[in-house]
Each structure stands twice: as C-alpha cells, then as structure tokens.
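>>> Coordinates for the following, if possible.
(4 chains)
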There are 2 protein chains.
Amino acid sequence: MLRPERKTLPSDDLKASKVLNHIKPLVAGRDVLDALVELIEAAKLTVGDKLPPEVELARRLGVGRSKIREALNAWQKMGIVVRNKGAGTRLAAEIASHSVHMPLTMKLEAESLLRTHAVRRPLEIEAVRLATVEATDQQRKVILARMAELMAVYEAGEDWRPADHRFHNEIFAATGNPLFGQLIAQIQKAFQDIYEAPFGKPHLGQNSIVLHRPMAEAIASGDQISAVNYTTQIMDIVEAEVREIIGAGK
Amino acid sequence: MLRPERKTLPSDDLKASKVLNHIKPLVAGRDVLDALVELIEAAKLTVGDKLPPEVELARRLGVGRSKIREALNAWQKMGIVVRNKGAGTRLAAEIASHSVHMPLTMKLEAESLLRTHAVRRPLEIEAVRLATVEATDQQRKVILARMAELMAVYEAGEDWRPADHRFHNEIFAATGNPLFGQLIAQIQKAFQDIYEAPFGKPHLGQNSIVLHRPMAEAIASGDQISAVNYTTQIMDIVEAEVREIIGAGK
DNA sequence: GAGTCAACTATGTCTGACATTGTTGAGGGG
DNA sequence: CCCCTCAACAATGTCAGACATAGTTGACTC
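Sure, this is the predicted structure:
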C-alpha cells in the first residue's frame, strides 16, 4: 500500500541554480530586474530554459517573494518570460543570442522598443489615412498650424517633442475616432518609459522631422496616397533609428 | 504633554466608498479590473479622484489584497492610475468615457462598434502580414490546422467562434510580438461585450468565413500580398455587417 | 513496454504583520 | 491672525508563512 519514496532530484535547471551561488544579494538601489539579468547572463540561459523558482530567487537575492513576483510578472507582460502554475518560469524571448558587447538589460528593453514600434506603426498610418479623409476644413488648418509650430521649434534648436506630440494629437483628433488617440497614447507612454531609461534621450525620430511638412500638407489637401506614403517613410526612419541604437539589426 | 486626539475622519473619497456598498462580490471568472471599472463608473470618478484603499477594495470584492495590488499595478503601468505610498491611488487618465478597458460605457453607443472596428482593422492586417513573414514552419502548420478545425466546426453548423478565436490567436502568436495579441484581445473583448448585448448574437463575420481558408494558405506559403489582401477583404466584410446591423451606414 | 498514480515541484492566492511615507489638524509662538 | 511644528493617522510597499491548484516525474503494476 505504501507508495515509493523519491530520492533523486530531477533538476532541469542546473545551469541556473549553479550560478545562483555567485550572485550577490541586492544592495540598496539595485533593481531586482538587474539582478535577474545578471543571473541569466551568468548562467547563459537561452530561450526555453527554466529560471530558478521564486522562493529560491527571493532567498538568494535577499528580498521577499512579492518583489520577485512583481518583476517576473512585468517581464511576462513584456513577453520576456512565460510563467506556468506547476511548471516553472521560462525564458520566452530571444534575448541572449548576439552582440555580447551590449548589456543584457539594453537588449531586453530594445526588444520591447521594437515590439512597441511594430504595433504603433500600423495604427499611426491608419490614423493619418483616416484623418486625410475625414478631417474638417478647420482641422486641416489646425494641423498645418501645428506643423509650422513644430518646424519653428525644431529649427530653433529647442526640444521639439512637445510640439511633435501636439501635432500628432491633432491628427488623431481629426480621425473622428478617439480610440486611436487613446491607444497610441498608451503605447507612446510605454515607449517613453522604455527608451528614456536606458538610452538617455536620444531624440528618437529626429531624422524624420523634415518629412512632417509634406505629410501635413498631404493631409490638408486630402491626398490620401501621399499622406500614407510619407507616414510610412517616417515610421521606417524611426524604426531604423531604433535598430541603430541597439546595434546590429535583428 | 498629551497630544490631542483626532475624532474627525477626513474622507476625501466619499463618492467611491459610498458606492462600494452596492458592488457585488466577484464571482468566478469575473475579472478584478472589470469590478474596478464598474466601481469607477458607478461612483462617477474622474481624473484626480481617489480610489478606496486596497484593503477595503479587497474586503468588498471578496479577494485578497494581492489581487487588488496586481490589478492596480497593471493600471499604473498603463498610466490609468497613479499610486503613492502614504497617499492613495488616484485616477490619472480619462477612462470614464472611452477606453478599451471600459466596455460598459461603450455598450450604449452603437457607433463605438464601428470605431472599435476601425482600430482593430489595421492591427489585424499588420499582424497577418507579420505572421506571413515571421512564422516558423511549425507555426505555419498549426495555423493551417486551426483553419481546418474552424472550417469543420463551421460546416457542422456549430458555434464556430471559439475555433475562430483560436485561429486568430495562433496568427498573433506567429508574429513573434505578444503586444499584437494583447491589444487585439482588449479590443476584441470590448467588441464582444458590445455586440452581444444589444444585438443578440448575430454571428458577426459569418460572411467572411469562406475567406479564411485562402488567407491561412497564403500565410502558410509566405505570400505576403495575398495574405494582406484576404485579410483586408475579411475586415471589409465585417465592417459591412456591422453597418447593416446598426442600421443606416454611419 | 505502456499506463497509472502518488509524491514532488512551482506558481497563484490569501492572511497577517511591520516598514515607510504622505496627509492632516491641533497647538504654540510670532 | 498666520505660520510653523509635530504627533497621530492613513495608505501603500514589503516581507513571511500558509494553503490551493496545476504540471511533472518516476516507480510500480500489469
């Protein structure tokens, strides 16, 4: 009637648990995510590998389980890890492959940067197309005015991003569909949170400023094809800038 | 030497706490965020208003504080609330009117149905395009399998929407970008809540089912142009159906 | 050799406690 | 009367322990 005892410990994640001994506990100011990144790098974990369980991570890093969970949940939302009840937490994104020079933190965040941009791109293009079709005469004038304002600020060498923001918001308003503005605002926020942290403020999008004038004029004149064209170019330029910042293209 | 006692309770958040009595506890399957949305709507909270404290929310909704915290932290990341130690949690974004997280308010207006679709459309098309380019061989096979499953269920005259959902989810997964799936899931949720309530279950999208097979095959074979083409047609058909349901075009 | 099933593993959630910080309002001094 | 100080309060941040639930494994049975 007695069931047998299990003596052997399977330990699928030898790599991780072994390195865990060398990880220093968190000192004040150090972030849990940084420590996790350090662990992943040290253990050379790749896609599909299992991370140590929460309790062990918490013990080794000297923090509570809640902090570990918060960090891992954040990563799951970003698609970096996959967590399963009963099973463990596994690496999901390709983050440990190339370009050894760049710290892993930057790689992680660069991934999210590209992903966010990939979602933003079609929304922005469609918003411009809709605006070109739906805008009222009044709105077309305002768009041109915002564009002029943007160019002035830019040529004066000042910080042009607030003006850029107002310009794009006007376009979203002109679509007649508030969802565009709201969704992109969400994405934009995530975007900023990401790229302002690791990369400083690299003035992303600078190379595309000159394209804003013809784009605005295309919207104002109702030229759907040109408007979409210019927007696509702008998005491509921004994407190229992102890839340049994070080094080697995918 | 004795410091005075404080008898008065300041209660800045009268609105919220008052309505809290009427909120029903969470039943299985209901989401914490939905309950919070309901509370915010019922209390007519606007930007800057304070939400009830975590412990009270947890008590009233019949869940642990950890779930409340998880939900509120997620909202903070999205910029919907701002949380401060010592102070409380306050509404940051205008979500009382339109938001992907607030299907309840949108139910009222049939117009938002079209708006939601307008946002979903470019996302879906881009997701298909990306999937066509990025999918692994394995994923292409799974997409074809899901499509076959969908067609079988459809031709058997059963409810095909679960299968349809699985099919599209597989496409989103194949993009390699979890954001597409997440965003569209949000939108999809709002979409369903809207059209299922006022219009019954009109099987939206029925006329486009036949297009799913060539679309899946285009994805599987890497034919970007055809895939985008079929998807565009599908979205156009759905849009036409929506317009028909809500009566007169726009 | 294949299937069964119990022990094990790991995450999800609840509860209670304490730490830390913002807010408030009474009291004292000018 | 106004401003400043400061102690009590309120609310979130964090930790720790416990239980629930679901996936995984491997020895045993047939």
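>>> Skipping adjacent residues, who's closest to residue A:146 in space?
residue A:167 (4.2 Å; CB to CB, 6 or more residues apart in numbering or on different chains). The way it works is simple: take the backbone N, C-alpha and C, and place the C-beta from them, glycine included.
>>> give the contact list for the one you found.
By CB atoms under 8 Å, 6 or more residues apart in numbering or on different chains, the residues touching residue A:167 are A:143, A:146-147, A:149-150, A:212, A:216.
>>> ok, now residue A:115?
By CB under 8 Å, 6+ apart, the neighbours of residue A:115 are A:79, B:177-179.
>>> Residue B:173 versus that one, what's the distance?
Remark: distance between residue A:115 and residue B:173 (CB to CB, to the nearest Å) = 14 Å.
>>> Run a quick neighbour tally on residue A:84.
8 (other CB atoms under 10 Å in any protein chain shown).
>>> Relative to residue B:114, how far out is it?
In this view, residue A:84 and residue B:114 are 38 Å apart by CB to CB.
>>> still on that earlier bit, most neighbours out of the contacts of residue A:115, which is it?
When neighbours are counted by other CB under 10 Å, residue B:177 leads the contacts of residue A:115 with 25 neighbours.
>>> pLDDT at the residue lying closest to that one once chain neighbours are set aside, what is it?
With sequence-adjacent residues excluded and distances taken as CB to CB, 6+ apart, residue B:177 is closest to residue A:115, at 4.8 Å. We have a pLDDT of 82 for residue A:115.
>>> Residue A:115: helix or strand, and which one exactly?
For residue A:115, the host element (DSSP states H and E) is helix A:104-134.
>>> Beyond that helix, next helix or strand please.
Helix A:104-134 is succeeded, C-terminally, by helix A:137-155 (DSSP H and E).
>>> So chain A: which segments form each domain?
If you go by automatic domain parsing, the domain ranges for chain A are A:14-91, A:104-245.
>>> what are the ranges of the helices in chain A?
Assigned by DSSP state H, the helices in chain A fall at A:14-19, A:32-43, A:54-61, A:65-77, A:104-134, A:137-155, A:161-174, A:178-196, A:212-221, A:224-245.
>>> right, and those helices - which one's nearest DNA strand D?
helix A:65-77 (3.6 Å; CB to the nearest atom of the strand).
>>> Could you list the buried residues of the closest one?
Using 16 or more other CB atoms under 10 Å in any protein chain shown as the test for burial, helix A:65-77 gives A:67-72, A:74-75, A:77.
>>> contacts with DNA strand D among those, please.
A:67, A:70 (CB under 7 Å from any atom of the strand).
>>> biggest separation within the buried residues of helix A:65-77, which pair?
A:67 and A:77 (16.1 Å; CB to CB).
>>> quick one on the thing from earlier: pLDDT and distance to residue B:136 added to the buried residues of helix A:65-77, as TSV?
Below are the buried residues of helix A:65-77 laid out as TSV (pLDDT from 0 to 100; distance: CB to CB, whole Å):
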residue	pLDDT	distance to residue B:136
A:67	93	35
A:68	93	31
A:69	94	31
A:70	91	32
A:71	90	29
A:72	91	26
A:74	83	27
A:75	84	22
A:77	78	23
